[in-house]
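Visitor: sequence and predicted structure are below.
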Amino acid sequence: MTAGTTTRERDKELSLVQHLGELRSRLVVSAIALVVGTAIAFYFGTQLIRLLLIPVDCTFIPTYSCHEPPTTLVSFSPTENFTTYFRVALFAGFALAMPVILYEIYAYIDPALLPKERRFIRFMGLPVIGLFLAGMLFCYFLLLPNAIKFLINFGDEVIKNQLRAADYLSFVTIFILGMGLIFEVPAAIFALIKIHVITRQWLAKQRRYAILAAFVIGAIITPTPDPFNQTLVAVPIYLLFELGLFLARFA
């Protein structure tokens, strides 16, 4: 083995150690942001839970109205109150820490990017975050009130529905998060066409399948079996597909 070969191998090992060290630092910063965000959310846990209970008592469409007294949740185990608060705090803390986590991911891969790739990622940052927030707000203000009222009032002549804290809050947070992810469809379409994974012309010919997929997804993620709420989910999903096709013109 020559001296030059030994030097190159040592440089590779050093480079790998440096990359692992930087990755560890980025993960530590992300973990600290998550812990801080979770602690802040836990402190305001009561207010957050009351905020998530608003769709049970309020109707936002067509007019804003609330019923008194506000709904309260029930628990059936000694630890359920604490674990429910912590679960809600962790969900909110992850949302609060998301900007820091995304920045750390970007900062880690930034040295390996070409200038064109770096501009593209920066360009996509705000739209991705904005679409995610729009999806969560759409779910919170429009889907949740209708879905929850249907589920609670179904069979209320013979069944008294008491909202269990763990079940209700898990259902609400997962539903909100799921709609936030679904609203990323335009960004995903734009990115796939931009990097030449698919073409806009090919995707435009798949509209019939997009309509079918939108209603299938609406039937899967909608917690109610009635066609109104399923359509309420499916129509925005298809419109997001069309929005992605429109934006792809500029890709």
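Guide: Nice, thanks for sending it over. Treat the numbers as computed from the prediction; the structure is a model and nothing was measured.

Visitor: report how many residues lie close to Leu142.
Guide: In terms of burial, Leu142 registers 18 neighbours under the definition other C-beta atoms under 10 Å. For every residue, glycine as well, the C-beta is placed using N, CA and C.

Visitor: part of a helix, is it?
Guide: Yes. Leu142 sits within a helix when classified using DSSP: H, G, I helix; E, B strand; the rest coil.

Visitor: show the pLDDT at it.
Guide: Leu142 carries a pLDDT value of 82.

Visitor: which helices and strands sit right next to the longest helix belonging to the chain?
Guide: Within the chain, and with DSSP state H defining each element, the longest helix by residue count is helix 3-43. Other elements packing on helix 3-43 under the criterion 3 or more C-beta pairs under 8 Å, 6 or more residues apart in numbering; DSSP states H and E are helix 80-109.

Visitor: next SSE downstream of the helix it packs on?
Guide: Tracing the chain past helix 80-109, the next element assigned as helix or strand by DSSP states H and E is helix 115-138.

Visitor: contacts for that next one next, please.
Guide: In this structure, residues lying in contact with helix 115-138 by C-beta atoms under 8 Å, 6 or more residues apart in numbering are 98-99, 102, 106, 110, 113, 176-177, 179-184, 186-187, 190-191, 194, 236.

Visitor: ok, of these, which come out buried?
Guide: Those of these that meet the buried threshold are 98, 176-177, 179-180, 182-184, 186-187, 190-191, 236, by 16 or more other C-beta atoms under 10 Å.

Visitor: output the residues you listed as JSON lines; include the columns distance to Gly218 and pLDDT.
Guide: Converted to JSON lines, those look like this (distance: C-beta to C-beta, whole Å; pLDDT from 0 to 100):
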{"residue": "Met98", "distance to Gly218": "26", "pLDDT": "86"}
{"residue": "Ile176", "distance to Gly218": "16", "pLDDT": "87"}
{"residue": "Leu177", "distance to Gly218": "17", "pLDDT": "84"}
{"residue": "Met179", "distance to Gly218": "11", "pLDDT": "85"}
{"residue": "Gly180", "distance to Gly218": "16", "pLDDT": "87"}
{"residue": "Ile182", "distance to Gly218": "10", "pLDDT": "87"}
{"residue": "Phe183", "distance to Gly218": "14", "pLDDT": "89"}
{"residue": "Glu184", "distance to Gly218": "16", "pLDDT": "89"}
{"residue": "Pro186", "distance to Gly218": "17", "pLDDT": "90"}
{"residue": "Ala187", "distance to Gly218": "20", "pLDDT": "89"}
{"residue": "Phe190", "distance to Gly218": "22", "pLDDT": "88"}
{"residue": "Ala191", "distance to Gly218": "24", "pLDDT": "85"}
{"residue": "Pro236", "distance to Gly218": "9", "pLDDT": "84"}
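
Visitor: how about the closest residue to Thr199 other than its chain neighbours, what does it touch?
Guide: Leaving aside its sequence neighbours, Thr199 sits nearest to Ile193 (C-beta to C-beta, 6 or more residues apart in numbering; 6.7 Å). With contact set as C-beta under 8 Å, 6+ apart, Ile193 has these partners: Thr199, Arg200, Leu203, Ala248, Ala251.

Visitor: ok, Ile193 to Leu245 distance?
Guide: Distance of Ile193 to Leu245, computed by C-beta to C-beta, to the nearest Å: 9 Å.

Visitor: thinking again about what came up before, okay, and which of the contacts of Ile193 map to helices?
Guide: Using DSSP H, the members of these that fall within helices are Arg200, Leu203, Ala248.

Visitor: neighbours of the first one, how many?
Guide: Using other C-beta under 10 Å, Arg200 has 18 neighbouring residues.

Visitor: the second one too?
Guide: One way to gauge burial is a neighbour count; for Leu203, by other C-beta under 10 Å, it gives 17.

Visitor: list the residues that contact it.
Guide: The contact partners of Leu203, by C-beta under 8 Å, 6+ apart, come to Ile189, Ile193, Leu245, Ala248.
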